[in-house]
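Q: Compute the structure for the input listed below.
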Amino acid sequence: MGNLNSLSLTELIIETGIHDAIARKLNEKGKLSNNAIAEAIINNVRKTIIRDQLTDPRFYAEMSTLLDDLIQQSRADAAAYEAFLKKAEDLVKRMAQKAPAAGIPAELHGKPGAVVLFNNLPSILTPGLSNDSAPEMVQVRVDLALEIDRAMREHAPAGWKGDKTREKQVLNALFPIMSRDRAATQAIFEIIKHQPGY
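A: Alright, predicted model coming up:
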């Protein structure tokens with residue numbers, strides 16, 4: 001199992017389940033109230049969302065909404081503490097898995113960078129292309145995500161992050177793919193910059 005004391009609360013929840021995490025990390029002495037434990041869990045999940053939000057803005061916006069719903073529930077009904085813990089554990093595990101959600105086309109499975117691009121393209125593309133549900137727009141997003149992913153793997157120089165000259169090379173590779181739209185190119189670049197796979 002390794003040293004569980006070195007894990008963050010969210011990592012401990014994933015490894016051992018929420019009740020063991022509370023017993024080992026939060027409430028070792030058994031003196032905290034249910035409200036204090038709930039607040040600590042909420043704060044740890046929010047910290048994880050804030051820390052990781054730039055890696056996939058759309059996914060973490062959804063997780064933030066789920067956390068807000070969880071907060072409302074915890075404040076509205078203190079008697080449902082056990083239900084709160086279960087939902088908190090599910091939220092933490094969902095954040096950790098980042099498994100392909102329903103609606104991710106098969107062409108993108110196994111390509112986490114392309115999935116992030118696919119999910120975030122609607123907020124970046126021009127309004128005429130941002131209709132998520134139309135099948136032809138989904139295919140446009142799939143093709144664009146795969147093209148960007150391929151361009152990054154083939155044309156991004158090694159060690160480009162943080163190097164102004166190399167970052168400009170990446171921007172130049174993305175610019176024609178993004179239909180020469182400077183704002184869209186910059187927006188997709190900011191998402192790519194925070195992806196560990198590129």
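
Q: number of nearby residues for Ala83?
A: Residue neighbour count, defined by other C-beta atoms under 10 Å, stands at 12 for Ala83. Every residue, glycine included, has its C-beta placed from N, CA and C.

Q: Can you give the domain ranges for the protein?
A: 4-97, 106-193 (automatic domain parsing).

Q: Just put the ones you listed in TSV and tack on mean pLDDT.
A: Listed next are these as TSV, based on pLDDT from 0 to 100:
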stretch	mean pLDDT
domain 4-97	75
domain 106-193	85
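
Q: Helix or strand: which one has the nearest residue to Leu174 once chain neighbours are set aside?
A: Excluding the flanking residues, the one nearest Leu174 by C-beta to C-beta, 6 or more residues apart in numbering is Thr185, at 5.1 Å. Element membership for Thr185 (DSSP states H and E) is helix 182-193.

Q: same question, Gln195
A: Secondary structure (DSSP H and E) places Gln195 outside all helices and strands.

Q: residue contacts, it?
A: Going by C-beta atoms under 8 Å, 6 or more residues apart in numbering, Gln195 touches 55, 113, 116.

Q: now Ser104, what's its secondary structure?
A: Not quite, residue 104 is Ile, not Ser. coil (DSSP: H, G, I helix; E, B strand; the rest coil).

Q: and the residue nearest to it when sequence neighbours are not counted, what element?
A: Once flanking residues are discounted, Ile104 sits nearest to Val115: 5.8 Å by C-beta to C-beta, 6+ apart. Assessed by DSSP H and E, Val115 sits inside helix 112-124.
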